[in-house]
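Novice: please work out how this folds:
(chains A and B, ligands or ions: 2)
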Amino acid sequence: MPLVSTNRLHKFFGKNHVLRGIKLDVEEGEVVTIVGRSGSGKSTLLRTLNGLESIDDGIIEVDGAKLEVDCADAASLRALRLKVGMVFQQFNLFPHLSAGQNVMLAPQVVKGTAKSETEDIARRMLERVGLAEKFDAFPDQLSGGQQQRVAVARAIVNDPVIILGDEPTGNLDSRTAEEIMALFQDLNSAGKTVILVTHEQDIAEHCKRIIRFRDGHIISDEKVASPADARQILAKMPAGDEMVTHV
Amino acid sequence: MAYQFDFTFIPDYAGMLAQGVAYTVGLTVVGGTLGIGIGIGGAISRLWNVRPFGELYRYYVELFRNTPFLVQLFLIFFGLPSLGIKLEAWQAAILAMVLNLGAYSTEIIRAGLQATPRGQLEAADSLAFTRWQIFLHVMLRPALRKVWPALSSQVVITMLGSSVCSQISTEELTFVANFIQSRNFRAFETYFLTTGMYFALALLIRQTMHLIGRYLIVRRPSR
Ligand SMILES: Nc1ncnc2c1ncn2[C@@H]1O[C@H](COP(=O)(O)OP(=O)(O)OP(=O)(O)O)[C@@H](O)[C@H]1O
Ligand SMILES: [Mg+2]
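Specialist: Ligands and ions are numbered 1, 2, ... in the order given. Got it, this is the predicted structure:
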């Protein structure tokens, strides 16, 4: 059984037929990237996978959580979203909360975990993305790369089986992008399945599988024989402090 | 012949004036708190069109923003008894102030909520927050922070507007001033003094709102 599976997925924006019958299976432990031209529907596909975009036909199933056209009620949306963590190009941290609070909020609010406990969890998550010392810093006091790492910590705090990233490195310089890719690869080694959308070929080469998209169709789907290892690339890169993460 | 200023009446009426100030402050604190509360409820009901409140709030806001405060006050104090609702002057005053400020703050706070960046809403959605959780934890505090200066000004306007409540014999500052003036016939001195007192009150309220904003809304450690 694939971890993620979509079938006959269709999406319209008005008359614009953006997803044209997508069938996609992703197995547990994969790192998949979706590439393709601007406007081809990559983001839309990714966003349907956790219900940020409604669908007009078809079915989505993630680890047993199902979403169908006619039964996208609050309960099934919630079930789906608990399985899926999402990271955005613009980070989208909550600006009025510290890094730690950004991470604590979801377990506190969504799962009703006690505050003292969520604080421990948040500390562990921030440590995992190499930002333990930034617990009390606010988003506007963090660099882009640091904000994205907090966003990753926030996305994994409720222990989703899969992490989605919509151009998660799109706003970062190449070294910082590499660090974020190292983080995704670490999370993958720790058992998370990852699906990323990217424009950049060298980012795509970090993934185990590359799906090409055009006009709402999948036009190719290939395994990558030996994905690039972000840590090795980082080791060869000049300058910058060595990142410490513990997965 | 030059006019002879005479402020010697002040000590005689100091107690009354203090009571008037206290009354005005009381009206403002209660009216301000409840009014902003109504505004928060109204803002979210309007924004999400929560039925039936969204629609009700729409008419209420239009009604109260497009009619004079004095007439609203009279309607409540002199009009409602015809429907069997008899309120004391102070109750009518507070109700009118709450409803008036509620209408304005509904629109002010709604603007702040509307300014929530879409990315933050999507982040919260993707974490499986419910609508109310998003409102409470993601939208409310930044929205209040954004509109707090406008809201503070509206509270000051409401405080100044409370002088109108003297018309239904609410014993606030203006009522006291009118009373003193009718005794000493020192119109200029009495209202000059009252003007100064309102001015000081306005500054005080602005400062208090500023501190509340700092403490309640920004609340961030100093690093
Ligand atoms: N909310 C929306 N309302 C209307 N049309 C939309 C919306 N979101 C996307 N579209 C349209 O859907 C199509 C696919 O958009 P999408 O964002 O999925 O493309 P993309 O492949 O992610 O492009 P990019 O690489 O530029 O991010 C585009 O034609 C876009 O204009
Ligand atoms: Mg996109």
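Novice: what residues does chain A put near ligand 1?
Specialist: Residues of chain A lying close to ligand 1 (C-beta under 6 Å from any ligand atom) are A:13, A:16, A:18, A:36, A:38-44. Yep, even glycine has a C-beta here, placed from its N, CA and C like the rest.
Novice: same thing but 5 Å
Specialist: A:13, A:18, A:38-44 (C-beta under 5 Å from any ligand atom).
Novice: could you give the mean pLDDT of the lengthiest helix in chain A?
Specialist: If you go by DSSP state H, chain A has its longest helix at helix A:174-189. Averaging pLDDT along helix A:174-189 gives 95.
Novice: next, give phi and psi for residue B:8.
Specialist: Main-chain dihedrals, residue B:8, degrees, to the nearest 10: phi -70, psi -10.
Novice: any idea which helix or strand comes after the helix or strand of chain A with the lowest mean pLDDT?
Specialist: Using mean pLDDT, DSSP states H and E, strand A:65-68 stands out as the lowest-scoring helix or strand of chain A, at a mean of 90. As assigned by DSSP states H and E, the chain's next helix or strand after strand A:65-68 is helix A:74-83.
Novice: next SSE after that next one?
Specialist: Going down the chain from helix A:74-83, the next helix or strand is strand A:84-87, by DSSP H and E.
Novice: so what touches that following strand?
Specialist: Here strand A:84-87 makes contact (C-beta atoms under 8 Å, 6 or more residues apart in numbering or on different chains) with A:49-50, A:52, A:62, A:148, A:151-152, A:155-156, A:158, A:160-166, A:168, B:122-123, B:126.
Novice: narrow those residues to those in helices?
Specialist: Of the contacts of strand A:84-87, the ones assigned to helices by DSSP H are A:148, A:151-152, A:155-156, B:122-123, B:126.
Novice: please enumerate the strands of chain A.
Specialist: For chain A, strands defined by DSSP state E occupy the ranges A:4-13, A:16-26, A:31-36, A:57-62, A:65-68, A:84-87, A:162-166, A:193-197, A:209-214, A:217-223.
Novice: and those strands, which is most packed in?
Specialist: Burial of the strands of chain A is given as mean neighbour count (mean count of other C-beta atoms under 10 Å in any protein chain shown); strand A:84-87 ranks first at a mean of 27.
Novice: sheet partners, orientation included, of that strand?
Specialist: The pairing partners recorded for strand A:84-87 under DSSP bridges are strand A:162-166 (parallel).
Novice: any weak-confidence spans in chain B?
Specialist: By pLDDT under 70, the low-scoring segments of chain B are B:1, B:218-223.
Novice: residues from it in reach of chain A?
Specialist: Neighbours of chain A within chain B, by C-beta under 8 Å from any C-beta of the partner chain: B:117, B:119-120, B:122-130, B:133, B:137-138, B:141-142, B:145, B:220-221, B:223.
Novice: can you rerun that using 6 Å?
Specialist: Residues of chain B lying near chain A by C-beta under 6 Å from any C-beta of the partner chain: B:119-120, B:122-123, B:126-128, B:133, B:137-138, B:141-142, B:221.
Novice: now the buried members of the residues of chain A next to ligand 1.
Specialist: Among those, the ones that count as buried by 16 or more other C-beta atoms under 10 Å in any protein chain shown are A:18, A:40-44.
Novice: which among these gets closest to residue B:177?
Specialist: Set against residue B:177, the nearest of those by C-beta to C-beta is residue A:43 (64.5 Å).
Novice: is that closest one in contact with residue A:166, as I believe?
Specialist: Yes - in this structure residue A:43 lies within contact range of residue A:166 using C-beta atoms under 6 Å: 5.3 Å.
Novice: all helices of chain B, in order?
Specialist: B:10-48, B:53-65, B:69-74, B:89-114, B:118-126, B:131-134, B:140-161, B:173-184, B:187-212.
Novice: picking that back up, lowest average confidence across the strands of chain A, which one?
Specialist: strand A:65-68 (a mean of 90).
Novice: got the contact list for the closest residue to residue B:60 other than its chain neighbours?
Specialist: Nearest non-adjacent residue to residue B:60, counting by C-beta to C-beta, 6 or more residues apart in numbering or on different chains: residue B:103, 6.3 Å away. Contact partners of residue B:103, counting by C-beta atoms under 6 Å, 6 or more residues apart in numbering or on different chains, are B:61, B:64-65.
Novice: relative to residue B:48, how far out is residue B:146?
Specialist: 19 Å (C-beta to C-beta, to the nearest Å).
Novice: ok, now residue A:25?
Specialist: 37 Å.
Novice: I'd assumed residue A:89 was in contact with residue A:167.
Specialist: Yes - contact criterion C-beta under 6 Å: residue A:167 and residue A:89 qualify, at 4.2 Å.
Novice: distance check, the residue lying closest to residue A:24 once chain neighbours are set aside against residue A:236.
Specialist: Nearest residue to residue A:24, sequence neighbours excluded (C-beta to C-beta, 6+ apart): residue A:6, at 4.8 Å. Distance from residue A:6 to residue A:236, counting by C-beta to C-beta: 38 Å.
Novice: for residue 16, what are its contacts?
Specialist: Answering for chain A, as no chain was given. Applying C-beta under 6 Å, 6+ apart to residue A:16 gives no contacts.
Novice: actually chain B
Specialist: Residue B:16 sits in contact with residue B:176, where contact means C-beta under 6 Å, 6+ apart.
Novice: tally of neighbours for residue 149?
Specialist: I went with chain A, as the question did not name one. Neighbour count of residue A:149, defined by other C-beta atoms under 10 Å in any protein chain shown: 28.
Novice: sorry, I should have been clearer: chain B.
Specialist: Residue B:149, neighbours per other C-beta under 10 Å, totals 14.
Novice: quick one: it and chain A, what's the gap?
Specialist: Separation of residue B:149 from chain A (C-beta to the nearest C-beta, to the nearest Å): 17 Å.
Novice: now do the contacts for residue B:168.
Specialist: Shown in contact with residue B:168 (C-beta under 6 Å, 6+ apart): B:77, B:89.
Novice: ok, it to residue B:211 distance?
Specialist: Relative to residue B:211, residue B:168 is positioned 32 Å away (C-beta to C-beta).
Novice: list the residues that contact residue 120.
Specialist: Here I'm looking at chain A. By C-beta under 6 Å, 6+ apart, the contact list for residue A:120 is empty.
Novice: please go with chain B instead
Specialist: Residue B:120 makes contact with A:92, B:138, according to C-beta under 6 Å, 6+ apart.
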